[in-house]
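> got a sequence here, can you build the structure:
(chains A and B)
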There are 2 protein chains.
Amino acid sequence: MSIGVFDSGIGGLTVFKSISENFPEANIYYIGDTARVPYGNKSAETIIRYSLELSNFLIKNFNVDLLVIACNSASSYAFETVKKYTNIPVIDVITAGVLNAISKTKNKKIGVIGTQATIRSKSYEKKIKDIGKDYQVFSKACPLFVPLVEEGRIKGNITRLIIKDYLDDIVNEGIDTLILGCTHYPLLKDEIKNLYPDLNIVDSTDIIPQFIKNQNINLKENGERRIFITDESPSFYVLKDLLIPDLDIEKVELSEICTL
Amino acid sequence: MSIGVFDSGIGGLTVFKSISENFPEANIYYIGDTARVPYGNKSAETIIRYSLELSNFLIKNFNVDLLVIACNSASSYAFETVKKYTNIPVIDVITAGVLNAISKTKNKKIGVIGTQATIRSKSYEKKIKDIGKDYQVFSKACPLFVPLVEEGRIKGNITRLIIKDYLDDIVNEGIDTLILGCTHYPLLKDEIKNLYPDLNIVDSTDIIPQFIKNQNINLKENGERRIFITDESPSFYVLKDLLIPDLDIEKVELSEICTL
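Numbering: from 1, shown residues only, chains lettered A, B, ... in the order given. Model prediction:
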């Protein structure tokens, strides 16, 4: 049995890497839509269409048994539609993050950071409030974090100043738990932890493997790994080299993906 | 007669605004490819295809007499191809910027800043060296500048620190002239001028109107303005409100654009 992972771009490699280490025998296929990245500044309609196209690619070509939406913007807008149009289990980073945060918070004050699209969608907030109306959610869009990570600036003075500029407000509200609502952000986790050592950090790379285990799918295969991107972007290689230096990348034409 | 302006997204509105003010009677049509922005991290092949698609849109729908490529990444990779496949004059921001810098520099040391794609293409450097081998060019990619501008952070401490982090090196090389090689960067010009008051700044919003005048085309029409985007992005409205608050925006479907 096999797992398909898709993302708007390269951030989802953090999730791919974590799944890969946790399920060495599974076949795992990844597609990052680098020709149309980022999704975070696109409309809901466009994000849904792109997400269905990527799901189709993974199902048609590799007959995957489980889909992981490793992109918060896509999880925010397209999870329900992808679940409806595919007949396989779909795990999204939003649901996983919310359940994990609920299990960690003591004072029921949860912070959520993400791209503008993720925060605007209020998808984390809605899911948390569905579980309990007494939870308080403090959200903040952090649009500079993705370009910081893609430039490899995961440490240093400027990065710390930008983190503080975004996070001081919501930390001062008294949150005890912070959801990293974007797949790029785990690479900033060390600096965030240094600045705010008392926060519980919810990181999709830790929790997605646990959600996959909960599906009780037999994932024993021959451990095949294939990674596709829709365009050769230079920033892809910065993150690829940080995360999965030994794997090859294949390019797939956008015309093969653009089916909807 | 009419002018068509295209850009990967919304940065080109700085150029649109400047042309609009300089040629009030011309008909001017703008398309920003917000569904696929940014081009700066895409491959040359993809940038060329997208640029031809945008040119086709403007020529087929509005029969424009002059095309302005208001995107440095597109100018870097697609100018020659667009010129070859259209039969109208094409003005690109690279050639305009180079000629202006040459006229301004006294010590023949020119700095160029832009996106990763623009800097990697060495298009400014090659054009400058074609004019004179004794010019020295110091280039620097500044990938955080676009997200800074799109967040509206055109002033302030973090913005100044990031500007210094990118520019101190090339300024210390002794450049007397700096080309702002990205259409978003004019919005950072005030802070750059504050930090480096002695530099000559080359800004496409100043120079493109002059290049249009040099074409000696009769542009007297009824002053129609139409602005198209391929996707409704929230950051579009930040820049639109900064630059052209009174104009309406029309959305065009990507399927109408994707013709190649």
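> from now on I want contacts and neighbour counts done on CA atoms only, so please keep to that.
Will do.
> the residue lying closest to A:Lys251 once chain neighbours are set aside pairs with what?
Distances taken as CA to CA, 6 or more residues apart in numbering or on different chains place A:Ile229 nearest to A:Lys251, at 5.1 Å, with adjacent residues excluded. On the basis of DSSP bridges, A:Ile229 is bridged to A:Gly32, A:Lys251.
> burial of A:Ile229, as a residue count?
Look at A:Ile229: counted by other CA atoms under 10 Å in any protein chain shown, it has 24 neighbours.
> check A:Tyr85 too.
Around A:Tyr85 there are 11 residues (other CA under 10 Å).
> ends of stretch A:175-192, what's the gap?
Stretch A:175-192 has an end-to-end distance of 14 Å (criterion: CA to CA, to the nearest Å).
> assign A:Gly40 to helix, strand or coil.
Here A:Gly40 is coil, with the state taken from DSSP: H, G, I helix; E, B strand; the rest coil.
> so for whichever residue of the stretch 151-260 of chain A sits closest to chain B, what's the pLDDT?
Closest residue of the stretch 151-260 of chain A to chain B, CA to the nearest CA: A:Ser233 (5.2 Å). Each residue has a pLDDT score; the one for A:Ser233 is 73.
> kindly report the same for the one 3 residues further on.
At A:Phe236, the pLDDT value in this model is 77.
> run the chain-centre distance for the helix or strand harbouring it.
When elements are assigned from DSSP states H and E, A:Phe236 belongs to helix A:234-243. Put simply, helix A:234-243 sits 16 Å off its chain's centre (CA atoms, centre = their mean, to the nearest Å).
> who touches that helix?
Under the criterion CA atoms under 8 Å, 6 or more residues apart in numbering or on different chains, residues A:9-11, A:13-14, A:17, A:150-152, B:41-42 lie in contact with helix A:234-243.
> and of the residues you listed, the nearest to B:Met1?
B:Lys42 (33.2 Å; CA to CA).
> residues touching the closest one, list them.
A:34-35, A:231-234, B:117.
> one more pass at 6 Å, please.
A:Ser233 (CA atoms under 6 Å, 6 or more residues apart in numbering or on different chains).
> how is chain A divided into domains?
Split into domains by automatic domain parsing, chain A comes to A:2-92+A:207-257, A:94-204.
> worst mean pLDDT among the ones you listed?
domain A:2-92+A:207-257 - the lowest mean pLDDT of these, at a mean of 91.
> how near is A:Lys126 to chain B?
21 Å (CA to the nearest CA, to the nearest Å).
> neighbours around that residue, how many?
14.
> for it, give its distance to A:Gly97.
For A:Lys126, the distance to A:Gly97 - CA to CA - is 13 Å.
> what ranges do the helices span in the stretch 151-260 of chain A?
Assigned by DSSP state H, counting those that start in this stretch, the helices in the stretch 151-260 of chain A fall at A:157-172, A:189-195, A:204-214, A:234-243, A:254-257.
> got CSV for those, with distance to A:Tyr77 and mean neighbour count too?
Converted to CSV, the helices of the stretch 151-260 of chain A look like this (distance: least, CA to CA, whole Å; neighbours: other CA atoms under 10 Å in any protein chain shown):
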stretch, distance to A:Tyr77, mean neighbour count
helix A:157-172, 24, 16
helix A:189-195, 25, 15
helix A:204-214, 18, 18
helix A:234-243, 24, 16
helix A:254-257, 19, 13
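> turn the ones you listed into TSV, including distance to A:Lys83.
Formatted as TSV, those follow (distance: least, CA to CA, whole Å):
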stretch	distance to A:Lys83
helix A:157-172	33
helix A:189-195	30
helix A:204-214	16
helix A:234-243	28
helix A:254-257	19
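> what would the domains of chain A look like in TSV with distance to B:Ile91?
Listed next are the domains of chain A as TSV, based on distance: least, CA to CA, whole Å:
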stretch	distance to B:Ile91
domain A:2-92+A:207-257	26
domain A:94-204	30
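> quick check: closest non-adjacent residue to A:Lys83.
A:Val90 (6.0 Å).
> and chain A, which residues reach chain B?
A:36, A:41-43, A:232-233 (CA under 6 Å from any CA of the partner chain).
> ok, so of the residues you listed, who is nearest A:Leu199?
A:Asn41 (28.3 Å).
> wait, doesn't that closest one sit right on B:Ser233?
Yes: between A:Asn41 and B:Ser233 there is a contact under CA atoms under 6 Å: 5.3 Å.
> residues in contact with A:Ser2?
Residues in contact with A:Ser2 (CA under 6 Å, 6+ apart) are A:26-28, A:64-65.
> can you pick the most crowded of these?
A:Ile28 (26 neighbours).
> make sure I have this right: it is in a strand.
Yes: according to three-state DSSP, A:Ile28 belongs to a strand.
> in the sheet, who's paired with it?
Beta-bridge partners of A:Ile28, as defined by DSSP bridges: A:Ile3, A:Arg225.
> I'd assumed A:Val5 was in contact with it.
No: counting by CA under 6 Å, A:Ile28 does not reach A:Val5; the two are 7.5 Å apart.
> how many neighbours does A:Asn218 have?
11.
> from B:Ile217, how far off is it?
A:Asn218 is 70 Å from B:Ile217, by CA to CA.
> one more: A:Cys182?
From A:Cys182 to B:Ile217 the distance is 50 Å (CA to CA).
> same question, A:Lys108
Distance from A:Lys108 to B:Ile217, by CA to CA: 66 Å.
> quick one: which of the two has more around it?
A:Lys108 (20 against 13).
> now for the residue lying closest to A:Asn72 once chain neighbours are set aside, how many residues are close by?
Nearest residue to A:Asn72 in three dimensions, chain neighbours excluded: A:Cys182, at 5.5 Å (CA to CA, 6+ apart). By the measure other CA under 10 Å, the count of residues near A:Cys182 is 26.
> A:Cys182 reaches A:Val112, doesn't it?
No: if you go by CA under 6 Å, A:Cys182 and A:Val112 don't touch, sitting 9.7 Å apart.
> could you pull out the strands in chain A for me?
A:2-7, A:27-32, A:66-69, A:90-92, A:109-114, A:136-141, A:177-180, A:200-202, A:225-229, A:249-251 (DSSP state E).
> can you get me a residue count around A:Val146?
23.
> please determine how far it is located from B:Pro147.
In this view, A:Val146 and B:Pro147 are 9 Å apart by CA to CA.
> surely A:Thr205 is in contact with A:Val15?
Yes: between A:Thr205 and A:Val15 there is a contact under CA under 6 Å: 4.9 Å.
> what are the contacting residues of stretch A:53-73?
By CA under 6 Å, 6+ apart, the list of residues contacting stretch A:53-73 reads A:2-7, A:12, A:40, A:88-92, A:117-118, A:182, A:257.
> drop anything exposed from the residues you listed.
A:2-7, A:12, A:40, A:90-92, A:117-118, A:182, A:257 (16 or more other CA atoms under 10 Å in any protein chain shown).
> need the max-distance pair from those.
A:Ser2 and A:Ala117, at 29.8 Å, using CA to CA across these.
> centre of chain A to the edge, which residue is at the far end?
The centre of chain A is farthest from one residue, A:Asp134, which by CA atoms, centre = their mean lies 26.5 Å away.
> and it, its phi and psi?
In terms of degrees, to the nearest 10, the main-chain angles of A:Asp134 are phi -80, psi 0.
> what sits against it?
Taking CA under 6 Å, 6+ apart as the test, A:Asp134 contacts no residue whatsoever.
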